[in-house]
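Asker: Fold the following.
(2 chains)
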Amino acid sequence: MTHDASATVRARPAGNFLGGALSNLGMTWVLLALCLLFSALTWSEQQPGGAAAARGVADDILAAHAPPTRVLVAVRGQPDDVAYADTLAEILRNSGATVVAVVKGEPKEARAALAAANAAAQPLDVIAGSAASAAWALFADLPTDFPALGNPSIVQPRLYAWPNFLKLENLLNIANQIAVIAILAVGMTLVIITGGIDLSVGSLIALASVVTAVLVRDCANGVEAGTLGMVLAGLGGVAVGALAGALSGGVIVAFGIPPFIATLAMMLVAGGGASMLAKGQSVYQVPDAFMWLGRGADLGLPNAVVLVLLLYGIAHFVMTRMTFGRWLLAVGGNREAARLSGVPVAGTLLTAYVLSGALAGLGGVVMASQLKSGSPNFGQMYELYVIAAVVVGGTSLAGGEGSMIGTLVGALIIAVIQNGMNLVGIESYTQRVVLGGVILAAVLLDRLRRR
Amino acid sequence: MTTPPLLSMEGIAKSYPGVQALAGVNLALARGEVLALLGENGAGKSTLMKILGGAVRPDAGRIVIEGVERAIRSPLDALGAGVAVIHQEFNLVPALGAADNIFLGQEVARGPAGLALIDRNSQRRRAQALLARLGADFDADTPCRSLSVARQQLVEIAKALAAGARILVMDEPSAALTTPEVAALHDVIRELKRDGTGIVYVSHRLEEIAAVCDRVEVLRDGRNVGGAPVAAVNRSDLIRMMVGRELIEEFPRRTSTPGDVRLIVEGLARGTAVRGVSFEARAGEILALTGLVGSGRTEVLRLLFGADRRDSGTIRLDGRRVEPRSPRAAIAAGIGLLPEDRKLQGLVLGLSVRENFSLPNLARFSRAGIVRQSEEQRACAGSIAALRIKTPRQETAVRGLSGGNQQKVVLAKWLERHCEVLLFDEPTRGVDVGAKVEIYQLMNDLAAAGKVVVMVSSDLPEVLGMADRILVMHDGRITGRIDDASTATQESIMELAVT
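Answerer: Now for the predicted structure:
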């Protein structure tokens, strides 16, 4: 049966750099279909806020009341409202309108400002608020309460309809949540392309997170740790992962132990080792700056997402353009033919497992940073989600084919399903049932498409 | 009224794409008869036996067993009709005992089907009795993996008898046996004869045929060449019947100008497969290694290429010692191998023509581990044009190419590598006639360019047509050296090969 499957001609990444994306069109369609589905299911009224909403409100005011217009801006003290009020006031002033006052706080402060304007007998054309402040009771009967103001109109940002799923913050949330799985899936793809499997990666997340947190706590002054100390501790976590990968890979190459068994053993060793090292507890004696990698956003995108994009770019380049990528495909496709063509089979296999371990270690460091601690409970069952991402992404468990872009799409499919179900309000037990079904369906669909 | 023969195969035909494996072959077998089925490699013996055993379905012809026409569509059908095939590779479950193997699929059991309990005692008793009849005294509970090859063979025979087989096909049964074991096997065959079992004995070993068989049937190119009682034919008759085809002019002419000795191999050995092989090869000549399948020819090439580790022996190229510890080391020393099975050993079928072509040449096409694609594509396009490889694109998976074009891709790998020594193992097996001639021409060009060209082939006309010198192997040793191939005939080679 396996032989029959391998005898069918399969789509594979072409030589050009973006060919990988095209060869996984099928799964890309599934991803888009899921996005559309969850967009439709989460379609709802949105309250615009912040600086972005100010432009629309300013346009509304200026269209209805040509300058010189007299405007009072009143909002709550929240950062979002403050940004909105400041931006709106600035736009209005630049357009020639008179901003009588900008109130950022409680309704009573707005009342004081209105009273002051009323006392000075200065009429108002417009009171601009946010969705929340426009509903304040004090604006309900202005002509009676403040007769000197005239009859100002109340303006607030217009409501608009947009899917909750497609909001930028949600999309970044998806990317951030899948970051660890996506990082591990790079290494898993390498290993699965060789025809192997790495079951140890979930445990290596735990081990690397604990090693990193313990190093920060014990060797870098704990909560007082400096940047260099934390970087070195993080590299320590990655190195531990790489070492574990080297051990699994070494046993596989030197003694011909099946990868399933070798990495199953490593899974137990690493998981138990993490618990021993952490004495069964979480290790949280790390400074706030420790969260830079997992929670920071220096380039407009979360740092973890930048890291993921960087890794996939490099991995895709390695697979499509480098000698090592070609060796991986050859070793996975036909080990004997690769050997007889002079491919260093043992070295290629070993490197794949070392990279898988190192990337699992990196994933552990990212998770430690996201959760500001290291714990032996991190990463449980992650190996299965990672394998699912790789397989959904079109990489064959038989080895010899696969693409990094496909794996990224696979990881995103899993993340979108989880996130979408959260938004729709499906409870977590049901989510797992659905996720299992979707993984099976995705792979079946792929199989049918390739017939 | 005459009783019908035990087995009668009539007008059996079978063709594979491009090859007529069998073109109307007849075969008859009487009760208690041992029939030797003879023929060169590729004559159609194994296809005929696969049809009888239900592994392959014929295009035409009928199989009549004891007067009843039988439709044999699967090995199970064959067993139902009383036919059992004992292959060279045994079909035993290593961890199970002899008795369990003998009754595998036909367990002695009590109770309703599916829920039955195996009656292990009765099974063991009956297995022990069957083995005793075959002269075996080992315990029927012994796991098969701890039995010798000869004993495993007896388990196979017992299994066939337990299934009620009256027709037994034995494919090269003596290939892996020692001389006393062969004698014991022949005793078993004589015992089975007495009970009326008919046996088809497929073998290359002429002396065994004389010892145990009653009649011979010779196949050549998928046809019956003739049959005779063993007593009526001698050795040279058989050889002539096996090879007797005319040489066709399918080999491009070449003026051979042997130059200096370049490759010297001394005392090459590995286990029992290669036992002390020494030879030298010159620039400007084609050296052929021939012999029957299993004689050690392929193994010699694999040792030279580092695909297997040699126990001993020295290899010198242009006076310098070469140590092919691995294929990678051999390639670095300038040696290339076209393996005998291009699909399993020569190509990564799922990869493209370009990727396969580049595999041994990646270092040349890359800087700092990054493949320079334009360079790679240019070289590949050049080879596709030069070797006239018929492929839609460089990116086409080699799986989709014809046998001849696949072989050209393997050849292109090594030509691009500019190897000094090229080892060809069955270079034209499964290759159509047109591509064959092109491959021969390339081999001639390599020889003319002063490279060392060593070929292994079972195809004697090919050996005679291509080689300047011929080494004949038997049982891991070189048993004949023909320094002027133009004086050789298929008969003289076969004489050396069968000893």
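Asker: Quick check: mean pLDDT of whichever strand or helix holds A:G56?
Answerer: Following DSSP states H and E, the helix or strand that holds A:G56 is helix A:50-64. For helix A:50-64, mean pLDDT is 82.
Asker: Please work out which residue of the stretch 151-300 of chain A is closest to chain B.
Answerer: The nearest approach of the stretch 151-300 of chain A to chain B comes at A:I193, 11.0 Å away (CB to the nearest CB). In short, each C-beta sits where N, CA and C put it, glycine included.
Asker: just to revisit the earlier point, neighbouring strands - and their directions - for whichever helix or strand comes after the helix holding A:G56?
Answerer: Scanning forward in sequence from helix A:50-64 by DSSP H and E, the next helix or strand is strand A:70-75. Here strand A:70-75 has these sheet partners by DSSP bridges: strand A:98-104 (parallel), strand A:126-129 (parallel).
Asker: Would you format those strands as CSV with distance to A:G187 included?
Answerer: As requested, the strands paired with strand A:70-75 are exported to CSV (distance: least, CB to CB, whole Å):
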stretch, distance to A:G187
strand A:98-104, 50
strand A:126-129, 52
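Asker: okay, the ones you listed, which one's buried deepest?
Answerer: strand A:126-129 (a mean of 26; mean count of other CB atoms under 10 Å in any protein chain shown).
Asker: Packing partners of the helix holding A:G56?
Answerer: helix A:79-94, strand A:126-129, strand A:153-155 (3 or more CB pairs under 8 Å, 6 or more residues apart in numbering or on different chains; DSSP states H and E).
Asker: show me where pLDDT drops low in the stretch 301-450 of chain A?
Answerer: A:449-450 (pLDDT under 70).
Asker: Output the set of residues of it in proximity to chain B.
Answerer: A:321-324, A:326-327, A:329-330, A:333-334, A:336-344, A:400-401 (CB under 8 Å from any CB of the partner chain).
Asker: Quick check: B:G276 touching B:V265?
Answerer: No. Using CB atoms under 8 Å as the test, B:G276 is too far from B:V265 to be in contact (10.6 Å).
Asker: I'd like the average pLDDT over the helix or strand where B:A330 lies.
Answerer: For B:A330, the host element (DSSP H and E) is helix B:327-332. If you average the pLDDT over helix B:327-332, you get 95.
Asker: The least confident helix or strand in chain B by mean pLDDT: partners in the sheet, and parallel or antiparallel?
Answerer: Lowest by mean pLDDT, DSSP states H and E among the helices and strands of chain B is strand B:109-110, with a mean of 76. Partners of strand B:109-110 in the sheet, by DSSP bridges, are strand B:117-118 (antiparallel).
Asker: Tell me the helix or strand right after the partner strand.
Answerer: Using DSSP H and E, the helix or strand that follows strand B:117-118 in sequence is helix B:120-133.
Asker: returning to what we had before: just the C-alphas of the helix holding B:A330, formatted as PDB.
Answerer: What follows is helix B:327-332, C-alpha atoms only, in PDB (Å, rounded to 0.1, in the frame of the first residue of the first chain):
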ATOM      1  CA  PRO B 327      30.800   5.500  -2.300                       C
ATOM      2  CA  ARG B 328      31.700   9.100  -1.400                       C
ATOM      3  CA  ALA B 329      35.300   8.200  -1.100                       C
ATOM      4  CA  ALA B 330      35.200   6.200  -4.400                       C
ATOM      5  CA  ILE B 331      33.600   9.100  -6.200                       C
ATOM      6  CA  ALA B 332      36.200  11.500  -4.900                       C
END
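Asker: Now list whatever residues contact both of B:G276 and B:V265.
Answerer: Common contacts of B:G276 and B:V265, defined by CB atoms under 8 Å, 6 or more residues apart in numbering or on different chains, comprise B:G313.
Asker: out of these two, which sits in the busier spot?
Answerer: Ranked by neighbour count (other CB atoms under 10 Å in any protein chain shown), B:G276 and B:V265 place B:V265 first, with 20 against 13.
Asker: Would you mark the buried spots in the helix or strand where that one lies?
Answerer: B:V265 belongs to strand B:261-270 when elements are defined using DSSP H and E. By 16 or more other CB atoms under 10 Å in any protein chain shown, the buried positions in strand B:261-270 come out as B:262-265, B:268-270.
Asker: One more: stretch B:199-210?
Answerer: Those buried within stretch B:199-210 under the rule 16+ other CB under 10 Å are B:199-206, B:208-210.
Asker: Using CSV, write out every CA atom in that stretch.
Answerer: Taking C-alpha atoms only, stretch B:199-210 is exported to CSV below (Å, rounded to 0.1, in the frame of the first residue of the first chain):
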residue,chain,number,x,y,z
ILE,B,199,8.7,-31.3,-9.5
VAL,B,200,9.8,-28.5,-11.7
TYR,B,201,13.5,-27.9,-10.9
VAL,B,202,14.8,-24.5,-12.1
SER,B,203,18.6,-24.4,-12.0
HIS,B,204,21.7,-23.3,-13.8
ARG,B,205,23.8,-26.1,-12.4
LEU,B,206,24.1,-28.7,-15.1
GLU,B,207,25.7,-31.4,-13.0
GLU,B,208,22.8,-31.3,-10.5
ILE,B,209,20.3,-31.7,-13.3
ALA,B,210,22.1,-34.9,-14.4
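Asker: shouldn't B:E426 be in contact with B:S457?
Answerer: Yes. Using CB under 8 Å, B:E426 is in contact with B:S457, at 5.9 Å.
Asker: Of those two, which one has the most company?
Answerer: Ranked by neighbour count (other CB under 10 Å), B:E426 and B:S457 place B:S457 first, with 25 against 22.
Asker: What residues does the closest residue to A:R158 other than its chain neighbours make contact with?
Answerer: Using CB to CB, 6 or more residues apart in numbering or on different chains and skipping the chain neighbours, the partner closest in space to A:R158 is A:G56 (6.4 Å). Residues in contact with A:G56 (CB under 8 Å, 6+ apart) are A:48, A:157-158.
Asker: Taking the stretch 151-300 of chain B, what residue is nearest to chain A?
Answerer: Residue of the stretch 151-300 of chain B nearest chain A, by CB to the nearest CB: B:T298 (12.6 Å).
Asker: do the same with the stretch 51-200 of chain B
Answerer: Counting by CB to the nearest CB, the stretch 51-200 of chain B gets nearest chain A through B:A55, at 15.6 Å.
Asker: domains of the chain?
Answerer: Assuming you mean chain A. A:2-42+A:166-450, A:50-158 (automatic domain parsing).
Asker: nope, chain B please
Answerer: Annotated domains of chain B cover B:7-243, B:261-498 [automatic domain parsing].
Asker: now the domains of chain A as a markdown table including distance to B:A158?
Answerer: Conversion of the domains of chain A to a markdown table gives the following (distance: least, CB to CB, whole Å):
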| stretch | distance to B:A158 |
| --- | --- |
| domain A:2-42+A:166-450 | 31 |
| domain A:50-158 | 85 |
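Asker: Give me the pLDDT value at residue 247.
Answerer: Here I'm looking at chain A. 97.
Asker: You answered for a different chain; I wanted chain B.
Answerer: B:L247 is assigned 42 on the pLDDT scale.
Asker: quick one: the nearest residue to A:G400 once chain neighbours are set aside and A:A398, what's the gap?
Answerer: Closest residue to A:G400 in three dimensions, ignoring its sequence neighbours and counting by CB to CB, 6+ apart: A:G333, at 3.2 Å. Relative to A:A398, A:G333 is positioned 9 Å away (CB to CB, to the nearest Å).
Asker: A:V438: neighbouring residues, count only.
Answerer: Neighbour number of A:V438 under other CB under 10 Å is 19.
Asker: ok, it touching A:V416?
Answerer: No. With contact defined as CB under 8 Å, A:V438 does not reach A:V416; the gap is 10.0 Å.
Asker: So which bits of stretch B:12-21 are buried?
Answerer: In stretch B:12-21, counting by 16+ other CB under 10 Å, buried: B:12-14, B:21.
Asker: Over to stretch B:144-156?
Answerer: B:144, B:147, B:150-156.
Asker: from the buried residues of strand B:261-270, which single one is nearest A:A360?
Answerer: Closest to A:A360 out of the buried residues of strand B:261-270 is B:R270 (41.9 Å), distances taken as CB to CB.
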